[in-house]
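>>> Sequence and predicted model, in that order:
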Amino acid sequence: MTPTRRRRLYLVLGILAGVSIAGALALNAFKRNVTFYFDPTAVSRGEVSPGQPFRLGGMVTEGSVRRAPGSLEVQFVVTDFNHQVPVSYTGVLPDLFREGTGVVAHGSLRADGTFVADEVLAKHDEKYMPPQVAKSLKRRHGESRTEAPAGSGATPASTPPAAEGS
Amino acid sequence: MTWTWFHRLGSPPHVFALARRLTPWLGWPAALLILGGLWGGLVLAPPDYQQGDGFRIIYVHAPSAWLSLMVYTSMAIAAAVGLIWRIKVAHAVAASCAPIGASFTLAALVTGALWGQPMWGTFWQWDPRLTSELILFFLYLGYMGLRAGIEDTQRADRASGVLAVVGVVNVPIIHYSVTWWNSLHQAPSVMRLARPTLPGSMLAPLLMMLLGFTLLFGALVLVRLRAEILARERTSGWIREAVGA
Amino acid sequence: MKEFLDMGGYAAFVWPSYAITLAVIALNVYWARRRLTQARAAARRRIAMHEEGA
């Protein structure tokens, strides 16, 4: 490789490295603003103050969904298997909202620690399978279909790990 | 180590002829794979236990998203080669990639929105994956805008080439966004180190579509490359034969 | 057939997705080929003008 070309190669690599570092630093500095949702552990650590709008993400605790008869108000608990946050929401829930699956809710904390949501989105994991496979897995592993995710950015698993193909 | 083949790739008439010969070998298999993938995805694959038949959007959304990233990476590599070795053909390749990549990025965003509405409950969120993919779309537009806005081909090559290289940082961000940060979009089902998270009956059509889209891109970029080469070569002798003048 | 078109209730999302993607594919093929045709024609014109001038 000629010296000129080597110089240009270093220039291109240098630009690439520079932009990567700048990008990494910026994203790290703006981490809080880049954060799409906070999990219950972050909430328990006081990373959000009451009244401040944010998104809460986690899994809907099994058996925690309560509906007030005659109104659209629903209460449930969001967990990351470390901490829990009670949620209150008035409105229509998304089709895929289920106990034991993931949610991302937008709203704010009330003084009593309840998260009052104005929007609830269902989050699903990356696993796809036919209904028969899901049913047989559920039978084999029992009623509880939740699985403790590791770390933040947790991918909620509504069924045990990927099934063998059919 | 003989670099002849590499240097020949810098010769416009050679590349032109090669592109012409290769195109059908990419185009026809692409068509077959895509048709097969459509059939497999819409008819043969079983519905998802959770998303029902709605999950079939994956067979157009995932390949489009894959192309948006793969094409940008190709564009950036071509631009880097053009910048470092000052090879015009490399810049021609990069220029050919851009409109293809931009259109499939748009397809990924739109099909993603159509998939998100029934499953998540929203067409759009500023989550890391969606936001960075949108930025990728703007990077493509920026690349094409720079090319269109700068008269002198050499300067256009250089400016847009630098943008392409700088923007490639976004590609790993898009892919890892769902792992590095809390996001609404789920983790990868196929592009991962572990086994794919789909059973064979659902995975096979997806792999066909992914490969089909990739070959389609190959054919498209070769056609555009020929046009690009013709536009750049003034009245060199070989052109006369190539265009039958 | 009706079940197929209904896509389990998701027809309004599945079919437009497929239509849009197939349109993007078709447009890409069309535009690429048109670009090549135009480039060929432009090259021929340039050659003709060049020969006239020479």
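Nice, thanks for sending it over.

>>> Which of the helices or strands spans the nearest residue to C:Ala11 once chain neighbours are set aside?
Closest residue to C:Ala11 apart from its sequence neighbours, by CB to CB, 6 or more residues apart in numbering or on different chains: C:Leu5 at 6.3 Å. C-betas here are computed from N, CA, C, even on glycine. With elements taken from DSSP states H and E, the one containing C:Leu5 is helix C:2-6.

>>> next one: A:Asp118
When elements are assigned from DSSP H and E, A:Asp118 belongs to strand A:115-123.

>>> Same question for B:Trp39.
In this structure, B:Trp39 is located in helix B:12-39 according to DSSP H and E.

>>> Give me the helices and strands touching the next helix or strand along the chain from that helix, please.
Heading C-terminal from helix B:12-39, the first helix or strand you meet, by DSSP H and E, is helix B:58-85. Contact partners of helix B:58-85 among helices and strands, from 3 or more CB pairs under 8 Å, 6 or more residues apart in numbering or on different chains; DSSP states H and E: helix A:3-29, helix B:12-39, helix B:88-119, helix B:128-149, helix B:153-167, helix B:170-180, helix B:200-232, helix C:11-53.

>>> tilt between the fourth one and helix B:170-180?
For helix B:128-149 against helix B:170-180, the angle between stretch directions is 170 degrees (axes from the mean of the first three to the mean of the last three CA atoms, to 10 degrees).

>>> In helix B:128-149, which residues are buried?
B:128-137, B:139-140, B:142-144, B:146-147 (16 or more other CB atoms under 10 Å in any protein chain shown).

>>> What ranges in chain C fall below the confidence cut-off?
Where chain C drops to pLDDT under 70, the residues are C:53-54.

>>> Contact residues of it facing chain B?
Contacts of chain C with chain B, taken as CB under 8 Å from any CB of the partner chain, map to C:4, C:6-10, C:13-14, C:16-18, C:20-22, C:24-25, C:27-29, C:31-33, C:35-36, C:38-40, C:42-44, C:46-48, C:50.

>>> Drop anything exposed from those residues.
Buried subset of the residues of chain C next to chain B (neighbour count, 16+ other CB under 10 Å): C:7-8, C:10, C:13-14, C:17-18, C:20-21, C:24-25, C:28-29, C:31-32, C:35-36, C:39-40, C:43-44, C:46-47.

>>> just checking, which of the helices and strands packed on helix B:58-85 sits deepest inside the structure?
helix B:88-119 (a mean of 24; mean count of other CB atoms under 10 Å in any protein chain shown).

>>> Can you pull up the most central residue in chain A?
Nearest residue to the geometric centre of chain A (CA atoms, centre = their mean): A:Gly57, 4.3 Å.

>>> Leaving aside the residues adjacent along the chain, what's closest to that residue?
The shortest distance from A:Gly57 to any non-neighbouring residue, by CB to CB, 6+ apart, is to A:Tyr37 (3.4 Å).

>>> tell me the contacts of that neighbour?
Shown in contact with A:Tyr37 (CB atoms under 8 Å, 6 or more residues apart in numbering or on different chains): A:54-57, A:104, B:182, B:184.

>>> and the strand holding A:Asp118 with chain B, contact?
Yes - where contact is defined by CB under 8 Å from any CB, part of strand A:115-123 touches chain B, namely A:119-123.

>>> Which of those are buried? Put it as a ChimeraX command.
Of the residues of strand A:115-123 next to chain B, the buried ones go into a single ChimeraX selection, burial set by 16+ other CB under 10 Å:
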select /A:120,121,122,123
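
>>> So which of the residues of strand A:115-123 next to chain B is the closest to chain B?
The shortest approach to chain B among the residues of strand A:115-123 next to chain B belongs to A:Leu121, at 4.7 Å (CB to the nearest CB).

>>> Am I right that that closest one is in contact with B:Pro118?
No - using CB atoms under 8 Å, A:Leu121 is not in contact with B:Pro118, being 11.7 Å away.

>>> my read: B:Val60 touches B:Thr111, true?
Yes - between B:Val60 and B:Thr111 there is a contact at 5.5 Å, judged by CB under 8 Å.

>>> which neighbours do those two share?
With CB under 8 Å, 6+ apart, B:Val60 and B:Thr111 have common neighbours C:17, C:20-21.

>>> Run through the residues that contact the residue most central in space within chain C.
Central residue of chain C (CA atoms, centre = their mean): C:Leu27, 2.1 Å from the mean position. Neighbouring residues of C:Leu27 by CB under 8 Å, 6+ apart: B:Ser103.
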